[in-house]
Each structure stands twice: as structure tokens, then as C-alpha cells.
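J.: Would you be able to build a 3D model of this:
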Amino acid sequence: MTAKDVLRSQVMAQVVEGKLDQASAASRLGISVRQVKRLKRRLQDEGTLGLLSKKRGVPSNRRTPPEMMAKAVALIGKHYVDFGPTLACEKLQELHEIKLFVETVRQAMLGAGLWKAGRGAGIRTHAIRERRARRGELIQIDGSSHDWFEGRAPRCCLLVFINDATSELMALRFVDTETTLGYMGLLEQYVLTHGLPAAIYSDRHSIFQVNRGDRQDVSHTQTQFARALEQLGIEGIQANSPQAKGRVERANQTLQDRLVKEMRLQGIDSQEQANAWLPQFMRALNRRFAVTPSLPSDMHVPYVGTVAALRRILSIHSLRRLSSNLSCQLEGLLYQVQPADRGLALRGADVTIVTHPASPTEVLWQGRVLPHTLSSKAIRQQEAADGKEVNRKVDRALSRRTPPQPVGHPWKKKMSTAPGKAPPCAQFEHTKAPLALAPAS
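T.: Down below sits the predicted model:
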């Protein structure tokens, strides 16, 4: 007997003994007076066991048919053996038209040994931060490196953009590694689709902030991604701990469970196929888990610029100074500026080299695109070395020539070959005056 049954038997015993009237007993037990009368007769006829429910031990009329439960367990064991009860319940209804409650599936999986409940989360001591009130007010971003394709493709990274106000997945993309250009490419897609958010919340990865320890003599104070956010008018915020951006961290855990299994069922085995299918997956997951924001207004600002201007902002900007011949170097390449005018003004000018894998390289000066040619620094160095070698050969050839003699030198006099006549050089030697010696002291 339960505690409720014991209380009922004690109260009804007082009613039978006349110590408690039926109205007071009904109020005490929370039932009607008519039910008290029925319980009194059953207690007098059958004793204490008559107060127990007649349905106890009898199968429910609403129970799931055993045949359906056996089929569900067989399907789970064949296709969804590593699924959790919630996801397995959804797939049974979506793909096999078997509609069950999550708790029913959980109990069945526990009974069949297909699932084991995990340990509960530890004690949390972090302060709770309320969601932002409006959609687009704060976007949390993160990258999750994982074996997303379960060996069918190389290990890669999933970039995640999630709305803080609604837990809505805003953008997803698979990339090889977590890089600045990867985030910039996904941010470009996000801005063209949704607009400019008010703020972006990230961790303290070197992509988002300059990490130089305690050194203060750094040549720059912001990263390429931070510079792009500043130009777009988006506030960049870095979290002090993983728990501070827990919404995107929990989204990564959900994706590592659901997304991996969905791609397995869909037969997706490459990043290209996954990136093309991800928008469909995001719509389904947002319908399942997204919540309504506190305020209905949207904080996204439409982007009014051109796609080329947006791509120029979301590129790698490298500062260089032009030499006197209007050239500069970057990563082994020589940039030779060829301006139509103002050539003298560009000598020693600071320019910005804009590079992006999907766009031509540009050289910017005061917002203007300068025409330029591009060549390999190694080729130029080899050409310069070849030119120096030619000059050295010429110098060696010239050094072997006899230097010119002054006018009147014997070498320049006509030499006679007549017999008995001394050559001019000999005559010249004999005609020389003898040197006068100083008298001895």
C-alpha cells in the first residue's frame, strides 16, 4: 500500500467507528461524499483491501500493442542503436510511422539494453545570463572540430552561428580548419541573407583578438576579423570562459549528436554535399528547438552596399609602403604599381594589398584601386642575379685589356727593322741624360 492508501484506510476506519462524519472525511481525502459512502461499504464488506483500486495490476487499455513495441525495438536495434531516446522517437515517427512517447521509447531501450542513462551534470556555479531580447542583437559564433563524417571523409571543422535570443541556427558551414577566411566567408553569407547583426560573441581565439601575452610593443592591436567587424559596424565581444558562450557550446554538442547521424542516414560523405544540404537541416532543427524572443523587433540592419565592397572588407588587408619605383613585396610576390597619374605622389605612400581566394588581388590607396602588375619575387631576384653575373663578366674582360699609354711613349713609336740600326726604344735609352749624383759630404 502507498502512503495515500494508508491515509485513506485510517480516515475510513474513523468513519466506520463514527468518530468522523462523511463530509469531513470527503474534505480530508479530496473526494466527494458519494465516494466516501462507496468506500465505507467496501471497507465493511471486503476489509482494507477493498479500498485499493480495482485497476491495480490490470494492463492499461491505452498501452502500446506488444507487436508495435517489438517492431520499434527491432528498428532501433538495426538502424538507431547509438541514438538517444528523443532522436530515436522522432525517427520512428518520421521514417516508419510509429508514433510513441519519448518515455515509452526510453523504457523500451533501457529494457532491451540499447541505451544507458548518462550521469547527471555536475554542480554549476556560473551565473545565469539572460537571453538578449531581440533577434539579431547578439550572434554567438564558434568552430567545432570533430569526426563529422565518421571516417567517410577527413576530419574537419563546423563553423556555427547561433542567435542568442532564439537559439536559432543562423549559418553553418564545413571547412578544413578554423581560419580567418573561413569565418569571413560565412559572415559574408550571413550578411547577405539576414543583414548586419548588432554584436558577435566569440571566444578568445587568435582569429578574434591579438594574443601576445604581456608584451605591449605590438605593431597592431586588432586582427583581420576584428578589423572587418569594425568596418561593418558590428561590435565584437570576446567571452572570458566557455561557459559564458554556453548557448553555442551546447549547440555544438547537439550537432555532434544529431547532425552526424542525419548525414549518415542521408548518405552524405563530403564537405560539398554537406554544405549544400545544411540549409535544409537548419530549417528542420530550428522548427524543433527555436524559441520566441522576448521582443518581436529585429535588430538586423540591411546591408546596402555591393557584394564586391562586402567581399573587399571581408578579405585579408596587408599594409605596405611603396618604394621609389612604386613597388612593394608580399609573401614572395612583387607588386608593381602603374598609375596613370600622380606617380610622384605615390613614392613612399602607404598602400593596402587586399587578397581573397575568390577575388582578384587589389592594391588600395586612399580608397582608390591602383592598377598594378604581379610577378614572382624569386624570378625577379634570379633576373637581377643574372644581370649582375653579366656585369661581372664584362668587368673581368675589361680588366684583362692593356691600359692606354700616354702620347710619346716608346711603345707608340714606329719601330725599324733595318740591319745595324738599333730600335727606337734602345735609342731612347741611350739618349737619356745620366743622373747627377750628389757630392759626398
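J.: rest of the way, CA atoms for contacts and neighbours
T.: Fine.
J.: Show me the shaky parts of the stretch 1-150 of the chain.
T.: 119-127 (pLDDT under 70).
J.: just the strands in it please.
T.: Here the stretch 1-150 of the chain has its strands, by DSSP state E, counting those that start in this stretch, at 139-146.
J.: where exactly do the helices run in it?
T.: 3-16, 22-29, 33-46, 66-79, 85-96, 102-112 (DSSP state H, counting those that start in this stretch).
J.: can you pull out the strands in the stretch 251-400 of the chain?
T.: Taking DSSP E, counting those that start in this stretch, the strands of the stretch 251-400 of the chain run over residues 316-321, 327-330, 333-337, 350-356, 359-365, 368-370, 372-376.
J.: Quick one: these as TSV, columns for mean neighbour count too.
T.: What follows is these, written out as TSV (neighbours: other CA atoms under 10 Å):
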stretch	mean neighbour count
strand 316-321	16
strand 327-330	17
strand 333-337	19
strand 350-356	18
strand 359-365	15
strand 368-370	14
strand 372-376	13
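J.: Relative to Ser9, which of these is closest?
T.: Closest approach to Ser9 among the strands of the stretch 251-400 of the chain is made by strand 316-321 (80.8 Å; CA to CA).
J.: tell me what the closest one is packed against?
T.: Counting contacts by 3 or more CA pairs under 8 Å, 6 or more residues apart in numbering; DSSP states H and E, strand 316-321 packs against strand 327-330, strand 350-356.
J.: now that strand and strand 350-356, what's the angle there?
T.: 150 degrees (axes from the mean of the first three to the mean of the last three CA atoms, to 10 degrees).
J.: Now do strand 316-321, average pLDDT.
T.: Average pLDDT, strand 316-321: 92.
J.: Can you check what angle separates it from strand 359-365?
T.: 40 degrees.
J.: Please compute how far strand 316-321 lies from its chain's middle.
T.: Distance, stretch centre to chain centre, for strand 316-321: 24 Å (CA atoms, centre = their mean, to the nearest Å).
J.: neighbours around the closest residue to Asn163 other than its chain neighbours, how many?
T.: Nearest residue to Asn163 in three dimensions, chain neighbours excluded: Ile139, at 4.8 Å (CA to CA, 6 or more residues apart in numbering). Counted with other CA atoms under 10 Å, residues neighbouring Ile139 total 26.
J.: ok, the residue nearest to Pro85 when sequence neighbours are not counted - how many residues close by?
T.: Closest residue to Pro85 apart from its sequence neighbours, by CA to CA, 6+ apart: Arg106 at 5.1 Å. A count of nearby residues for Arg106, using other CA under 10 Å, gives 20.
J.: what about Arg106, distance to Ser167?
T.: 26 Å (CA to CA, to the nearest Å).
J.: what's the domain layout of the protein?
T.: Following automatic domain parsing, one finds the domains of the chain at 3-51, 66-112, 139-209+222-289, 315-377.
J.: Off-centre distance for stretch 54-62?
T.: Taking the mean of its C-alpha atoms, stretch 54-62 sits 55 Å from the chain's own mean (CA atoms, centre = their mean).
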